[in-house]
Every structure is written in C-alpha cells, then in structure tokens.
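Colleague: the sequence and its predicted three-dimensional model are supplied below.
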Amino acid sequence: MEEFHVLAVDDSLIDRKLIERLFRISACQVTTVDSGNKALEFLGLHQHDPCVSPHAQQNLQEVEVNLVITDYCMPGMTGYDLLKKIKESPSLKNIPLVIMSSENVPSRISRCLEEGAEEFFLKPARIADVNKLKRHMMKTKCKSFDEPEKIVTKVNQESSPEIANISSGDDPCYMLVQF
Amino acid sequence: MEVVQLQRSFVEYMDSLFREGFLDAQFSQLQQLQDDSNPDFVVEVVSLFFEDSERLLNDLTMALDQPNVDFKQVDAHVHQLKGSSSSVGAQRVKNCCIPFRNCCEEQNTEACLRCLQQIKQEYLLVKNKLQTLFDLEQQIVAAGGAIPMVQ
C-alpha cells in the first residue's frame, strides 16, 4: 500500500518535531515547513514572490500530498489564510486540510470549518487525533469514498452538543456532529 | 547502585513529578512516541524546550525592561512559551502563562514582572527535575537495565 504524505505547517520547532513524529509513527511520510508561504511553495502554488526566480518556479514539480495540517497562529500568513488560499486553488482544493490551535475559540473553529477545513483540533496533537485523520487521507486515494461529511469533536461529559470547552488533561469523549 | 533500586527510584520520581503537577498527560504522550527506532525522542524534544524557553525568558526580560513596554510583543513571547510548555507537558510553566497574558492585556508592567519571576522559578524547577529524571535513566541504562514504562 502506498504511504500517505502529510505536509505539516507550524512556526514552532517543537511542534513540528512532535507532529512529524506523530505521523511517522503512523507510517506516513511527512514534510514540515515553518510558514504558510513555504507550504504554498511546496504545493507548487506560487505567490508573486520576488525571492523565487521564475526559472526556479518552473522547475518545481508537483508533489502528491494527502493531507495538509497547519497551525492557526503563525506570523505573516495564518493557518486560516493558508486554508483560504488552498481552497481557492483548483489544483489544491481537494486536499484535506486540518487546522490546529492552542486556543479554543468557537468562532475561530466555525470559521475554519466553514472555509473547508476537515477538522480543527486543539494542540498539543495526540496519537488519537492522528489516527482519526487517516480516514480523510483515504479520500484522496479512493475517489469513490462515499461517506457523508462528518466532523468529530472532543467534548466534556457535561457540555452542550456544540463545540464545547475542552480541557486537555481529561480523557476525551468523541461526539459526532453531523452537517 | 543496583539496577532494581535505580528502577524503583525512577518510577517513584516519575510518579512524584506527575502527582506534584510538574508534568501532565502530554509528557506521557511524548514517552509513547519514543521507541527503539527513536530512543532519544523525549530528551530531544525536552532539550528543544529548554533552549526555546531560555531564549523566550531572556526576550521577556528585555522587553519588560524597556521604558515603553511593547505589551503586544510581550504577549507574543508568552503565547509561544505557553505553546511549547504545553507541547512537552510542563504543566506548571504552562499554567503561569495564563495570568501573565492577562497582565499583558491590562498593560501592567509590575504585574508582568511578577509573572515573569514566577515563570522563571517554575521553569528552573522543571528543568532541574527533568534533568534528574534523565540522569536516572542514564544510570539505569549504564547498569544494564531497561527503563521502566510509567503509566
């Protein structure tokens, strides 16, 4: 079976190291970059960047990426900005994209999901989070994957069905929120 | 020291670090990511955390020492520190960051300085504890033993 290739975007070196290990341990190939701009370069989508010569741009080959996972808070281009740019691109918009954040801000979460992110989860990412993502990556391999869109969020025992407060120390319960 | 004694000390020490709140579940996650193919993963990540934190604590000291404090900058540093401490499971350091960010919002230099002092203390404590833990690990390995898995 072919390996999945994940592109991870985070300005924090520690988090890049963590996410890389999380995916490698799940038998995925991982490329990490530290900014949205570098992510777009890697994906073959170039902004008007005076630092990249037109010659170099032509030589870059398209790489197959099965998932993009990005931090939300990054200097310059945020994860949300990156999400929008990817979804605006005809060649890239079908790549599943996941956003991570250290902050639980419901409006932020719904904005990202509305813009087309498959999932939004809180940092630090855990092994269980990564296991969930394999299903999304499968979509890019099997075109006839026929399940309805589902977003799975972690909730506390007592909380409401909307996206609720999550304390990272607890054992998460998973609840399906259907669109 | 005998291997069994060392291993016992290790388990007890690790237990105490969790019990006293120095480390949280995220540290256990790091340990689960370590295996024979990546035997030094935890030490590597924690070393990055030490480097990162020391840089940030220096930056914070300088930023709060300015005649006109740039609270946005201070907050940005604290946000980073909160992120990295959260990622390695350094719970007490992470918890210090929350009131710190509130003080930034209030643009209260004195309060920020007090928060900084506290974070420095907590950081030095956890750094010390983790180094002791890693030393114990090395002693176990040197004595020919295996490092116990602590749940």
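Modeller: Sure, I can see it.

Colleague: make it CA atoms for all contacts and neighbour counts henceforth
Modeller: Fine.

Colleague: any idea where the helices of chain B begin and end?
Modeller: When assigned using DSSP state H, the helices of chain B occupy the ranges B:3-19, B:25-32, B:41-64, B:71-88, B:91-105, B:109-142.

Colleague: which other helices and strands contact the fourth one?
Modeller: This points to helix B:71-88. Secondary-structure packing of helix B:71-88 (3 or more CA pairs under 8 Å, 6 or more residues apart in numbering or on different chains; DSSP states H and E): helix A:13-24, helix B:25-32, helix B:41-64, helix B:91-105.

Colleague: run through the strands of chain A in chain order.
Modeller: Ranges of strands in chain A, per DSSP state E, are A:5-9, A:29-33, A:67-71, A:97-101, A:119-122, A:150-155, A:173-178.

Colleague: contacts only, for the closest residue in space to residue B:34 that isn't next to it in sequence.
Modeller: Here the nearest residue to residue B:34 in space, its sequence neighbours aside, is residue B:41; by CA to CA, 6 or more residues apart in numbering or on different chains that works out to 5.4 Å. Counting by CA atoms under 8 Å, 6 or more residues apart in numbering or on different chains, residue B:41 touches B:30-31, B:33-34.

Colleague: quick one: average confidence on stretch A:94-103?
Modeller: In this model, stretch A:94-103 has an average pLDDT of 94.

Colleague: next, the distance between the ends of it.
Modeller: Looking at stretch A:94-103, the gap from its leading to its trailing residue is 26 Å under the measure CA to CA, to the nearest Å.

Colleague: that stretch: which residues count as buried?
Modeller: For stretch A:94-103, a neighbour-count test (16 or more other CA atoms under 10 Å in any protein chain shown) marks A:95-102 as buried.

Colleague: which ones among those residues also lie next to chain B?
Modeller: Residues shared between those and the neighbourhood of chain B are residue A:102 [CA under 8 Å from any CA of the partner chain].

Colleague: may I see the buried residues of stretch A:94-103 organised as CSV, with distance to residue B:131 added?
Modeller: Below are the buried residues of stretch A:94-103 laid out as CSV (distance: CA to CA, whole Å):
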residue, distance to residue B:131
A:95, 42
A:96, 40
A:97, 38
A:98, 35
A:99, 33
A:100, 30
A:101, 29
A:102, 27
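
Colleague: please consider this matter closed, and thank you.
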